[in-house]
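Participant: fold the following, please.
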Amino acid sequence: MKYALITGANKSIGFEAARQLLGHSYYVFLGSRDLTRGQQAVAQLHAEGLTQVEVVQLEVTDSASVSAARQTIGQKTAVLDVLINNAGVSGALPQPAAITDVAVFKEVYDTNVFGVVQVTQAFLDLLEQSAAPRIVNVTSGLGSLTLHTDPSWKYYPVKVAAYNSSKAALNMFTITLAYELRDRPFKVNAVDPGYTATDFNHHSGPGTVPDAAARVVKAALLPADGPTGQFFSDDNAPATGISPW
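Facilitator: Numbering: from 1, shown residues only. This next block holds a predicted model:
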């Protein structure tokens, strides 16, 4: 039995990623900030016949919640094979760099960057016990510094100061962690699920949730000779699947 933890998994891409990993015979800890919503999500999966899943209350910005989740999961398994850092926020929009209040930056970074760091560090010891540990950080194509300096890029005008920079910071954390773990069996990658129709963007994206989740799950299932320290994006790099940083 392999075990996975997904943050922000009670809906949208995180929920679908849980469903897809269950289809690969993983036992999934479905991280949810709201326990009731998490329980409802688990009930839906159980109704579909997917029973190797349970909710874990997890607010990534709350150190006590992260510690409690680590204790709960540690009582169930000594090994964690996959960590998908999916929880994220956009913050109040719009976000022009010149006038967006620093409080918005702090709110967005608290979840998108510091939350990822906190959760990853808390569960690293369980991941180290896996023969093939995988860490997937769900990022955004909007976190690419290279593409944001290219006027021909389709999303060039989408300059969202707090959100975009938080994903760029998340990308750097991914690169750094992958480097530190390079001599071990870890695969640490950032995945852009694409512009997907979810609550996150008021269902304005053209992509589907199953396709987006499949991109995330693909990185979670990388073989031993798979890449690490990469920025996967089928949306921004359809030919190669690897986005420029």
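
Participant: buried ones in the longest helix along the chain?
Facilitator: Longest helix in the chain by number of residues (criterion: DSSP state H): helix 161-180. Within helix 161-180, the residues scored as buried using 16 or more other C-beta atoms under 10 Å are 161-171, 173-175, 177-178. From N, CA and C alone the C-beta is placed, and that goes for glycine too.

Participant: sheet partners, orientation included, of the very next helix or strand once past that helix?
Facilitator: Moving toward the C-terminus from helix 161-180, the next helix or strand (DSSP states H and E) is strand 187-191. Here strand 187-191 is paired, per DSSP bridges, with strand 134-138 (parallel), strand 231-232 (parallel).

Participant: ok, back up a step: pick the one among the buried residues of helix 161-180 closest to V102.
Facilitator: A162 (9.1 Å; C-beta to C-beta).

Participant: in contact with the most centrally placed residue in the chain, which residues?
Facilitator: Most central in the chain under C-alpha atoms, centre = their mean is N86, positioned 2.6 Å from the mean C-alpha point. Counting by C-beta atoms under 8 Å, 6 or more residues apart in numbering, N86 touches 6-9, 13-14, 17, 138, 216.

Participant: can you do 7 Å?
Facilitator: Residues near N86 by C-beta atoms under 7 Å, 6 or more residues apart in numbering: 6-9, 13-14, 17, 138.

Participant: measure it to E107 for me?
Facilitator: 18 Å (C-beta to C-beta, to the nearest Å).

Participant: next, count neighbours for A103.
Facilitator: Using other C-beta atoms under 10 Å, A103 has 11 neighbouring residues.

Participant: do you know the pLDDT at it?
Facilitator: Predicted confidence (pLDDT) for A103: 98.

Participant: do a quick rundown of the strands in the protein.
Facilitator: Assigned by DSSP state E, the chain shows strands spanning 2-6, 26-32, 53-57, 82-85, 134-138, 187-191, 231-232.

Participant: which other helices and strands does the first one contact?
Facilitator: Identification of packing neighbours for strand 2-6 by 3 or more C-beta pairs under 7 Å, 6 or more residues apart in numbering; DSSP states H and E yields helix 12-23, strand 26-32, strand 82-85.

Participant: likewise for the fourth one?
Facilitator: Under the contact criterion of 3+ C-beta pairs under 7 Å, 6+ apart, strand 82-85 touches strand 2-6, helix 116-127, strand 134-138, helix 209-220.

Participant: again, only this time at 8 Å
Facilitator: Strand 82-85 sits against strand 2-6, helix 12-23, helix 116-127, strand 134-138, helix 209-220, with contacts defined as 3 or more C-beta pairs under 8 Å, 6 or more residues apart in numbering; DSSP states H and E.

Participant: what sits against the nearest residue in space to D211 that is not next to it in sequence?
Facilitator: Take D211 and drop its neighbours on the chain: the residue closest to it by C-beta to C-beta, 6 or more residues apart in numbering is G194, 7.1 Å away. By C-beta under 8 Å, 6+ apart, the residues touching G194 are 141, 205, 207, 211-212, 215, 233-235.

Participant: any of the residues you listed buried? List them.
Facilitator: Looks like those have 141, 205, 207, 212, 215, 233-235 buried, using 16+ other C-beta under 10 Å.

Participant: tally of neighbours for L181?
Facilitator: Count around L181 with other C-beta under 10 Å applied: 19.

Participant: surely it is in contact with V188?
Facilitator: Yes. Contact criterion C-beta atoms under 8 Å: L181 and V188 qualify, at 6.1 Å.
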